[in-house]
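**Student:** quick one: sequence plus predicted model below, questions after.
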Amino acid sequence: MLKKLWGLNQVELRDRYVIKWLKKLKNNCILLDAGAGMQKYEQYCKHLEYVSQDFGKFEGGSHFRNNGMIQDWNATNCRIISDICMIPVNDETYDYVLCTEVFEHIPDPPRALAELTRVLKVGGKILITVPFSSYYHQEPYFYSTGLSSYWFEFYARENNLQICDIHANGNYYTSQAQEVVISCLTGPCMVRPLHLVLAFPYLIYLYLADKIFSFPMPRRPWGYFVTMKKS
């Protein structure tokens with residue numbers, strides 16, 4: 001329930017965006033889910049030929065936000081097990097490519113984008129979601145905290161991709177709210193209620209500043225959803 005609340009709903013908003021995009025794709029087209037992991041979006045691809053790819057080495061056991069352990073992660077049942085920078089298929093194999101929350105786990109993101117462009121048909125579209133700023137997670141396969149919108153603008157030109165949409169997930173206020181709540185939910189259980197009581201007025205301020213006052217602040221979203229088309 002908490003994950004659906006303002007300031008904590010980055011995953012909810014991302015899932016909603018991705019699912020809406022998937023449902024709009026043309027029937028019977030081929031979709032590559034690159035870095036698919038546990039293939040969470042396969043259930044929304046019944047109208048497509050769904051092909052999953054993953055490097056298959058992460059097995060769980062990684063802490064995330066000091067808030068529990070990622071357990072029982074198994075991506076070895078993906079159809080393609082390979083390096084995302086060397087996918088063993090021909091050029092222009094897929095009508096669409098989906099790659100969600102993967103680029104921060106790739107040592108060479110520009111090379112990965114070039115490879116995803118290679119396997120995409122001309123006129124095909126790719127949706128990539130990335131954090132702008134994230135915690136260490138899925139260690140040791142974690143190489144950057146995230147990417148900016150300018151990264152995509154630059155490398156889209158390099159790969160002959162046309163940007164259709166760059167959508168920021170969240171903003172300065174929602175990012176701040178998430179940091180505050182996480183700080184309140186860590187530490188000894190006995191003091192967590194006190195932390196929440198002390199932080200509550202600031203959370204109210206952040207909510208009002210975001211929803212009513214709209215004060216100008218630096219850009220700091222949770223992440224970006226980027227849709228590009230291969231020219």
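**Tutor:** Okay, I see it.

**Student:** wait, Ala75 sits on Gln53?
**Tutor:** No. Using C-beta atoms under 8 Å, Ala75 is not in contact with Gln53, being 9.3 Å away. Just so you know, the C-beta spots here come from the backbone N, C-alpha and C atoms, and that holds for glycine as well.

**Student:** got any residues that touch both of these two?
**Tutor:** Ala36 (C-beta atoms under 8 Å, 6 or more residues apart in numbering).

**Student:** more crowded one of the two?
**Tutor:** Taking neighbours as other C-beta atoms under 10 Å, Ala75 and Gln53 compare with Gln53 leading, 26 against 19.

**Student:** which pLDDT value goes with that one?
**Tutor:** At Gln53, the predicted lDDT confidence score is 98.

**Student:** and what of the one 3 residues further on?
**Tutor:** Note on Gly56: pLDDT of 94.

**Student:** which residue, neighbours along the chain excluded, lies closest to it?
**Tutor:** Closest residue in space to Gly56, ignoring its immediate chain neighbours: Ile81 at 4.4 Å, by C-beta to C-beta, 6 or more residues apart in numbering.

**Student:** what sits opposite that neighbour in the beta ladder?
**Tutor:** On the basis of DSSP bridges, Ile81 is bridged to Asp54.

**Student:** strands of the protein, start to end?
**Tutor:** 30-34, 49-54, 62-63, 69-70, 80-81, 94-100, 120-131, 161-169, 223-230 (DSSP state E).

**Student:** domain assignment for this structure?
**Tutor:** Split into domains by automatic domain parsing, the chain comes to 9-171+220-230, 173-213.

**Student:** distance between the ends of the last one?
**Tutor:** In other words, domain 173-213. Terminal residues of domain 173-213 are spaced 11 Å apart (C-alpha to C-alpha, to the nearest Å).
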